[in-house]
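>>> missing the sequence, but the structure's below:
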C-alpha cells in the first residue's frame, strides 16, 4: 500500500484511513457532512497526491497529445488546463484527465490514481517521437477548494492569484511558507536553470473536483508537509478544514462530475457520458470515428442526472425503471448534504434521457419517484 508524503499528517489529525486504489488515504477527519459543508461554505484542503503526473515533452508532443485526447489541447496557449477523455479505438473511455500546456511541445497530464499504471503503459505504447516522464512519485498535490480559497492562497503567497482564471495555471513561489528544499518544480517540469526564490516552488492551477472555486498546488514531495501545514494554519481562521475522500465524492456528485471506474468503467464512450464539450470533433483523435458512428446511429445508453422526488437515498447499482420496466442502473448516488434529498447519476436509453423525464429508482424494494435533470444539482453561489 502506497502512502502520500502527507500521510503522517493525516494520522496526527486523527483521520480515518482507508485503502483507495492502492493508497492509504483519509476518508474523513470529523464527518463527511461537516467537511462537505465546510467546502461549500468556506474552504477545504485535500491531499490528492495519489493522482498521477505525466510529463509529455519533445518534438511532436503537441500532435501526440492531441491524437489521444478528445479535446483540442494543442490549440491552447501556455498555461491553459484542458479537461479531456483518453479513449481506445472503439471510443471507450480509458480515463479522464486534465492536460496543462507547459510550453511548446511540453504538457502535464494528470491521470486518476487507479489508472496511472494502465495509462502509462497505454500512452507509451502509442507514443512515437516525444518522451513520457512519470513524475507521480516525485510530486505531491494539495487542493484548496471553496468560496474563500483565494483568501487562503493569499495567506501563503504574495502573488495575487485571485486574477488567475479558471482552468489556467503557472509556476509560482509560495513565499510565505518556509522551505529548506532546494529542488524546483519549475526545473522538474519546465527545464533547468531557474533561480530559487523564497518559499516553496510550486505549479498552481485554478482547478479542482468540487465544483467550487479552488486551486491545486503541485509541489516537490519534500515541500508537501510544509505546504499542508501552512494551508491548514492560515486557512483555519477563514473556516478551512481538512477534507477526506468521503466528502470529495459527495461534493463532486452534487456537481455532476464523473468518477472514473464508477460513472464509466471502460465500456462507455464519451458520447455516452458527456459532457458535450469534452468532444471537439474538429480534430482527429483515437476513437473519434467509432463515436461519430455511435452518435449517428443513436442506439446507446446515456448517463443522466436524477433528483429523487421523495424520501430515499439512491446508491451505486440500484435499478432505474421507466413505465414499469427496468431501463438502467445507478452509477453514483447519495443524499445531497446541501439539498437534503437524494441525487443520482446513471444510464438510461438515450431516447428517454431528456430533462424532465420521470423515472423510478428501486430503493429498498420501494420504487422512489425521480426526475432527470440538467446538472449540476447544486449551483455555485
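That came in fine, so what should we check first? Here the structure is a predicted model, which means the values were calculated and not measured.

>>> can you give me the pLDDT of the closest residue to residue 43 other than its chain neighbours?
Nearest residue to residue 43 in three dimensions, chain neighbours excluded: residue 146, at 3.3 Å (C-beta to C-beta, 6 or more residues apart in numbering). (Glycine included, C-beta is placed from N, CA and C.) What the model reports as pLDDT for residue 146 is 98.

>>> may I have the phi/psi pair for residue 146?
phi 130, psi 170 (degrees, to the nearest 10).

>>> show the end-to-end separation of stretch 282-291, please.
One end of stretch 282-291 sits 13 Å from the other (C-alpha to C-alpha, to the nearest Å).

>>> just the buried residues of that stretch, please?
Going by neighbour count (16 or more other C-beta atoms under 10 Å), the buried part of stretch 282-291 is 285, 286, 287, 288, 290, 291.

>>> domain ranges for the protein?
7-51+137-253, 54-134, 259-373 (automatic domain parsing).

>>> now for the residue nearest to residue 43, how many residues are close by?
28 (other C-beta atoms under 10 Å).

>>> check the spacing between it and residue 16 real quick.
Look at residue 146 and residue 16: by C-beta to C-beta, to the nearest Å, they are 21 Å apart.

>>> likewise residue 122?
In terms of C-beta to C-beta, residue 122 sits 34 Å off from residue 16.

>>> ok, residue 26 next?
For residue 26 relative to residue 16 (C-beta to C-beta), the value is 7 Å.

>>> name the residues contacting each of those two.
Residues touching both residue 26 and residue 16 (C-beta atoms under 8 Å, 6 or more residues apart in numbering): residue 244.

>>> the more surrounded of these two?
Using other C-beta under 10 Å as the criterion, residue 26 and residue 16 rank with residue 26 on top: 27 against 14.

>>> just the mean pLDDT for the helix or strand that contains that one, thanks.
Assigned by DSSP states H and E, residue 26 falls within strand 23-28. What strand 23-28 shows for mean pLDDT is 98.

>>> ok, now stretch 318-333?
97.

>>> need the residues that contact it.
249, 253, 259, 262-263, 301, 303, 306, 313-317, 342-349, 352, 357, 359-363, 367, 370.

>>> buried members of these into PyMOL, please.
Applied in PyMOL, the following selects the buried portion of these according to 16+ other C-beta under 10 Å:
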select buried, resi 249+253+259+263+301+303+306+313+314+316+342+343+344+345+346+347+348+352+357+359+360+361+362+363+370
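
>>> for the stretch 101-250 of the chain, give me the ranges with low pLDDT.
Applying pLDDT under 70 to the stretch 101-250 of the chain picks out residues 182-196.

>>> report the contact partners of residue 229.
By C-beta under 8 Å, 6+ apart, residue 229 lies in contact with residue 9.

>>> confirm that it sits in a strand.
No - Residue 229: not assigned to a strand; according to DSSP: H, G, I helix; E, B strand; the rest coil it is helix.

>>> which parts of the stretch 1-150 of the chain are strands?
16-20, 23-28, 43-47, 54-57, 81-87, 93-103, 106-110, 131-134, 139-145 (DSSP state E, counting those that start in this stretch).

>>> most tightly packed of these?
strand 43-47 (a mean of 28; mean count of other C-beta atoms under 10 Å).

>>> so for that strand, mean pLDDT?
So the average pLDDT for strand 43-47 ends up being 98.

>>> residues in contact with it?
Under C-beta under 8 Å, 6+ apart, the answer for strand 43-47 is 4, 6, 10, 25-26, 35, 38, 140-149, 151-152, 210, 228, 231-232, 235, 238-244, 247-248.

>>> that older thread, right, and the residue nearest to residue 43 touches residue 35 too?
No - with contact defined as C-beta atoms under 8 Å, residue 146 does not reach residue 35; the gap is 10.7 Å.

>>> count the neighbours of the closest residue to residue 59 other than its chain neighbours for me.
In this structure, residue 59 finds its nearest non-sequential neighbour in residue 129, 5.8 Å apart by C-beta to C-beta, 6+ apart. Burial of residue 129 is recorded as 11 neighbouring residues (other C-beta under 10 Å).

>>> likewise residue 114?
Here the number of neighbours of residue 114 (other C-beta under 10 Å) works out to 18.

>>> next, count neighbours for residue 203.
23.

>>> what number of residues lie near the nearest residue to it once chain neighbours are set aside?
Closest residue in space to residue 203, ignoring its immediate chain neighbours: residue 218 at 4.3 Å, by C-beta to C-beta, 6+ apart. By other C-beta under 10 Å, 28 other residues sit near residue 218.

>>> identify the residues contacting residue 218.
So residue 218 contacts 53, 139, 140, 141, 185, 202, 203, 204, 205 (C-beta under 8 Å, 6+ apart).

>>> picking up where we left off before, now render the strands of the stretch 1-150 of the chain as TSV, adding distance to residue 65.
Shown next, in TSV, are these (distance: least, C-beta to C-beta, whole Å):
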stretch	distance to residue 65
strand 16-20	28
strand 23-28	26
strand 43-47	26
strand 54-57	6
strand 81-87	9
strand 93-103	6
strand 106-110	5
strand 131-134	11
strand 139-145	19
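
>>> quick one: which of these is nearest residue 377?
The closest of the strands of the stretch 1-150 of the chain to residue 377 is strand 139-145. By C-beta to C-beta, the value is 17.1 Å.

>>> contacts for the closest one, please.
Residues contacting strand 139-145 (C-beta under 8 Å, 6+ apart): 4-6, 39, 43-49, 51, 53, 152-153, 185, 188, 208-210, 212-221, 223-224, 227-228, 231, 235, 240, 243, 251.

>>> tell me the angle of it relative to strand 43-47?
160 degrees (axes from the mean of the first three to the mean of the last three C-alpha atoms, to 10 degrees).

>>> compute the inter-axis angle for strand 139-145 and strand 106-110.
Using the same axes, to 10 degrees: strand 139-145 against strand 106-110 is 70 degrees.

>>> correct me if wrong: residue 303 contacts residue 347.
Yes - with contact defined as C-beta under 8 Å, residue 303 reaches residue 347; the gap is 5.7 Å.
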